[in-house]
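K.L.:
predicted model follows, preceded by the sequence.
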Amino acid sequence: MSDAEQDWRRQLLGHVAALRASGVLFVPKQMPLPWQSDPAEKRDDASYAAAPSSPLEAASVQSGRLFSEEAVELSAVPVTIEGRQQALAELAGEVARCRRCEELYATRTQTVFGVGPLDPEICFVGEAPGADEDRLGEPFVGRAGQLLTRIIEAMGLRREDVYICNILKCRPPGNRTPTMEECRNCFPFFERQFALVRPRYLVALGNTAARALLQTTAGVTKLRGRIYEYRGVPLICTYHPAALLRDPSGKMKRETWEDMKMLLRLMGRPIPNSRQDDNR
C-alpha cells in the first residue's frame, strides 16, 4: 500500500470514528463526504431530529450560519474508554494552553473544561465559567450550579452521572456575555469534547449554548419546548440556571421544569410526582 493510500485510509477511518462517536449508525451509499459537499447546498438552518413519539414536533428555526460554513474536521476518535479518557485529557491540556482570545487569556485564573463520565445519558452545556468556576476550575459550582444540581436531582439523576461543560472554557471579564468571535474560537474544542464524551442527550442552557449548537440567532425563549438534534443526538434548549435566579416570578423555573419533563419523556424515564413539580 502506497503512502498516499495509507494516508487516505487513516483519514477515512478517522471520519468513520467521528461519525460513530456522533451517533451515526449507518451511512447511505450516495451520501457525499464532508469535503465533497457543495456549500451552496448546505442548509442555513439547524438540523433537527425526526419527531419523537410524543405530541411535540421537531422545530424549524430560520437563521443564518453563525460560524464557518465548513464543519470542523474531527480527528480520529479512540474506540476504547481508556483511549477516549486519554484523548479528553490531552484536549483539556490543549484548552489550558489556548491563547486565541487575548482578553480571556489575560484575565482568566484557569480554563474550565468539563466534568462528568464518558457515555453519560445527558450532557448539560452552559455559556461560560463564572467567578467561582474560574477560581475552582469546575463548571457550575456557584449559585447557578447549585440550582442545576437540584434540577438534576429532581429528575431522578445524580450530578456525577451527567456531563457538564460550557461553550466557552474561559471566564469573560465581569461575567459579560461571550462575543461571537470568542464563541467561534472555542466551539471547535466543544465539538471534539462532544465526540469523545458521547452523550445520549444534550441540554443547551441559555442563549449562548442554544445559538452555538443550533447555529441560529433565535433566543432560548423561542427555542425551548421542542426537540432538536446536534450531530445525531437529541437536543433540547432551556433557560440558564442563572436566569432562573434572577426571575422573582418563578415563571422561568416552571417552564424549565416543563422542559426537563419533556426530556424525561423522550428518555423513557418516569416523571416525578406533582409535589416535586411544585417545588421546582
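P.N.:
Received it, and whenever you're ready, just let me know what you need. Numbers count the residues shown, from 1 in each chain.
K.L.:
report the separation between Ala218 and Phe189.
P.N.:
24 Å (Cβ to Cβ, to the nearest Å). All C-beta spots, glycine's among them, are computed from the backbone N, C-alpha and C.
K.L.:
compare those two (neighbour count), which wins?
P.N.:
Phe189 (23 against 18; other Cβ atoms under 10 Å).
K.L.:
which other helices and strands contact the helix or strand harbouring that one?
P.N.:
Using DSSP states H and E, Phe189 falls within helix 180-197. For helix 180-197, the packing partners by 3 or more Cβ pairs under 8 Å, 6 or more residues apart in numbering; DSSP states H and E come out as helix 3-21, helix 81-96, strand 122-126, strand 163-166, helix 207-214.
K.L.:
export only the CA atoms of that helix, formatted as CSV.
P.N.:
Taking Å, rounded to 0.1, in the frame of the first residue of the first chain, the C-alpha atoms of helix 180-197 are listed here in CSV:
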residue,chain,number,x,y,z
MET,A,180,-19.3,35.9,18.6
GLU,A,181,-15.6,35.7,18.0
GLU,A,182,-15.0,34.1,21.3
CYS,A,183,-17.6,31.5,20.6
ARG,A,184,-16.1,30.8,17.2
ASN,A,185,-12.7,30.4,18.7
CYS,A,186,-13.8,28.0,21.4
PHE,A,187,-16.5,26.0,19.6
PRO,A,188,-14.1,23.6,17.9
PHE,A,189,-12.9,22.5,21.4
PHE,A,190,-16.5,21.7,22.3
GLU,A,191,-17.1,19.7,19.1
ARG,A,192,-14.1,17.5,19.9
GLN,A,193,-15.1,17.2,23.5
PHE,A,194,-18.6,16.1,22.5
ALA,A,195,-17.2,13.5,20.1
LEU,A,196,-15.2,12.0,23.0
VAL,A,197,-17.8,12.2,25.7
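K.L.:
okay, buried residues for it please.
P.N.:
182-187, 189-197 (16 or more other Cβ atoms under 10 Å).
K.L.:
strand partners of the following helix or strand past that helix, parallel vs antiparallel please.
P.N.:
Per DSSP H and E, the first helix or strand lying C-terminal to helix 180-197 is strand 201-205. Strand 201-205 has its sheet partners listed here by DSSP bridges as strand 122-126 (parallel), strand 233-238 (parallel).
K.L.:
between strand 201-205 and helix 180-197, how many degrees?
P.N.:
Inter-element angle recorded for strand 201-205 and helix 180-197: 160 degrees (by axes from the mean of the first three to the mean of the last three Cα atoms, to 10 degrees).
K.L.:
which residues does strand 201-205 contact?
P.N.:
Strand 201-205 is contacted from outside by 121-127, 148, 210, 212-214, 220, 223, 230, 233-241, 263, 266-267, using Cβ atoms under 8 Å, 6 or more residues apart in numbering.
K.L.:
just the mean pLDDT for it, thanks.
P.N.:
Average pLDDT, strand 201-205: 99.
K.L.:
give me the buried positions along it.
P.N.:
Neighbour-count burial for strand 201-205, with 16+ other Cβ under 10 Å as criterion, is recorded at 201-205.
K.L.:
okay if I get the residues you listed as JSON lines plus distance to Val77?
P.N.:
Shown next, in JSON lines, are these (distance: Cβ to Cβ, whole Å):
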{"residue": "Tyr201", "distance to Val77": "19"}
{"residue": "Leu202", "distance to Val77": "17"}
{"residue": "Val203", "distance to Val77": "22"}
{"residue": "Ala204", "distance to Val77": "22"}
{"residue": "Leu205", "distance to Val77": "25"}
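K.L.:
helix, strand or coil for Ile271?
P.N.:
Three-state assignment for Ile271 (DSSP: H, G, I helix; E, B strand; the rest coil): coil.
K.L.:
neighbours around it, how many?
P.N.:
14.
K.L.:
quick one, what contacts it?
P.N.:
261, 264-265.
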